[in-house]
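Student: Mind folding the following:
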Amino acid sequence: MSDAPDSLIPYDEIVQEALRAVVGRVLGQVESAGGTLPGAHHFYITFKTGAPGVSIPPRLKERFPDEMTIVLQNKFWDLKVTPEGFSVGLSFNQIPSTLVIPFSAITAFVDPAVDFGLQFQTAGENEDEDEPPHDAENDSPEGSGPAGPDDGSNVVTVDFGRKK
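Tutor: All right, here's what the predicted structure looks like:
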């Protein structure tokens, strides 16, 4: 049996872009609903803090130099979604902050209310590193951190086994 030839079509990038569009569409629906999440839905969004286009307060960048997770549940405001990403107001230790996050910086999107999750590779990401993301601990009523699905159900991970 012969090895499959390298593809000249960047399937992995095309699929990653399409799945990131799912995040944009979901956040766009929340924005259209006046920033109100339907039912028990809430989102954990993990992103690379140093990715191009990310804008977060310096105190958060210092605390989370590589990656952080935010929670969109009850205490967020001014959600604005564009084709490239989104901005949102969140409170960290009672300090209001505005974050700007391009979809290309997102590494995970989880809606624990329905056990749904997406995981992404970011440009230049070392695929051998399996370091867990740091919880941003933005203010939430429960005070809980991100709890992605442990059993992997409804989690979509795309890995085309890129050759290095």
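
Student: Mind giving me the packing neighbours of whichever strand or helix holds residue 15?
Tutor: For residue 15, the element it lies in under DSSP states H and E is helix 11-32. Counting contacts by 3 or more CB pairs under 8 Å, 6 or more residues apart in numbering; DSSP states H and E, helix 11-32 is packed against strand 43-48, strand 76-81, strand 85-92, strand 106-111, strand 116-119. For every residue, glycine as well, the C-beta is placed using N, CA and C.

Student: which helices and strands does the first one pack with?
Tutor: So the one you mean is strand 43-48. Applying 3+ CB pairs under 8 Å, 6+ apart, we find strand 43-48 packed against helix 11-32, strand 67-72, strand 106-111.

Student: Quick check: which helices or strands does the helix or strand following that strand pack against?
Tutor: Going down the chain from strand 43-48, the next helix or strand is helix 58-63, by DSSP H and E. Applying 3+ CB pairs under 8 Å, 6+ apart, we find helix 58-63 packed against strand 95-102.

Student: Now do the buried residues in the strand it packs on.
Tutor: Within strand 95-102, the residues scored as buried using 16 or more other CB atoms under 10 Å are 97, 99-102.

Student: Can you pick out the most distant pair from those?
Tutor: Greatest spatial distance among the buried residues of strand 95-102 (CB to CB): 97 and 102, at 17.1 Å.

Student: List phi and psi for residue 7.
Tutor: phi -80, psi 140 (degrees, to the nearest 10).

Student: Tell me how many other residues surround it.
Tutor: 9 (other CB atoms under 10 Å).

Student: Can you pull out the low-pLDDT segments for the chain?
Tutor: Along the chain, the model assigns pLDDT under 70 to residues 1-2, 123-164.

Student: about what we covered before: just the buried residues of strand 95-102 now: which is nearest residue 5?
Tutor: Nearest to residue 5 among the buried residues of strand 95-102: residue 102, at 32.7 Å, using CB to CB.

Student: contacting residues around that closest one?
Tutor: Taking CB atoms under 8 Å, 6 or more residues apart in numbering, we find residue 102 in contact with 51-54, 84-85.

Student: go with 10 Å
Tutor: Residue 102 makes contact with 20, 47-48, 51-55, 82, 84-86, according to CB atoms under 10 Å, 6 or more residues apart in numbering.

Student: Kindly report the same for residue 72.
Tutor: Counted by CB under 10 Å, 6+ apart, residue 72 has contacts 27, 30, 35, 37, 41-45, 79, 86, 88, 90, 111, 138, 140.
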